[in-house]
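In: generate a structure from the sequence data that follows.
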Amino acid sequence: MPETTASSRVAIRPIEARDDARMAQIIRTVMPEFGASGAGFAINDPEVDWMSRAYSQPRCAYWVVEHDGVVEGGGGVAPLEGGDPDTCELRKMYFLASVRGLGAGAQVMRLALDAARTFGFKRCYLETLSGMDAAMRLYERSGFRRIDKPMGDTGHGGCNTFYLMEL
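Out: Residues are numbered from 1 along each chain as shown. Presented below is the predicted three-dimensional model:
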């Protein structure tokens with residue numbers, strides 16, 4: 001059953017194959033808003049085109065946010081590529097402007113961190129861009145702390161701000 005936020009028109013549910021094209025479109029719309037285009041960003045990550053399959057793997061989960069029945073964002077968690085087995089990564093958390101500020105990001109964050117704990121992870125890592133101020137405030141409110149350098153091998157060399165949270 002989908003979870004709802006303070007706005008009764010917003011629902012959060014696990015990703016399905018029918019959501020793949022829409023999530024790819026959302027990611028490729030949101031990233032350039034923050035200057036993230038070209039090599040080193042998720043916009044060019046082939047996983048963006050088949051998110052439901054990528055997050056059906058062990059220790060992975062992804063949720064989409066529906067606003068008035070239309071998918072307008074999402075976020076998930078998966079093992080940190082090239083990292084230790086106790087560390088996961090908060091991944092591909094992107095929302096169209098229409099759902100920002102409605103509490104959906106905080107709810108997806110809670111679902112992702114709860115799933116990470118259930119999967120047995122001890123830490124959660126994320127990387128982002130300076131300028132994504134609202135996202136960084138959400139990360140910090142959720143308990144993430146900035147770290148000085150990247151972890152693992154995410155392939156997103158364009159990111160310049162890194163966070164870690166003990167679960």
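In: show me where the protein dips below the pLDDT cut-off.
Out: By pLDDT under 70, the weakly predicted segments of the chain are 1-8, 32-45, 157.
In: which stretches of it form helices?
Out: For the chain, the helices defined by DSSP state H cover 20-33, 51-54, 104-118, 133-141.
In: output the ones you listed in TSV; the columns should cover distance to residue 149 and mean neighbour count.
Out: Every C-beta, even on glycine, is put in place using the N, C-alpha and C of the backbone. As requested, those are exported to TSV (distance: least, C-beta to C-beta, whole Å; neighbours: other C-beta atoms under 10 Å):
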stretch	distance to residue 149	mean neighbour count
helix 20-33	22	17
helix 51-54	25	18
helix 104-118	21	19
helix 133-141	17	14
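In: so which of those helices gets nearest residue 11?
Out: Among those, helix 104-118 comes nearest to residue 11, with 9.2 Å by C-beta to C-beta.
In: that closest one - contacts with which helices or strands?
Out: Where contact means 3 or more C-beta pairs under 8 Å, 6 or more residues apart in numbering; DSSP states H and E, helix 104-118 is packed against strand 10-14, strand 61-67, strand 70-79, strand 87-95, strand 123-128, helix 133-141.
In: ok, back up a step: mind putting the helices of the chain into JSON lines with distance to residue 73?
Out: Output for these, formatted as JSON lines (distance: least, C-beta to C-beta, whole Å):
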{"stretch": "helix 20-33", "distance to residue 73": "6"}
{"stretch": "helix 51-54", "distance to residue 73": "12"}
{"stretch": "helix 104-118", "distance to residue 73": "6"}
{"stretch": "helix 133-141", "distance to residue 73": "11"}
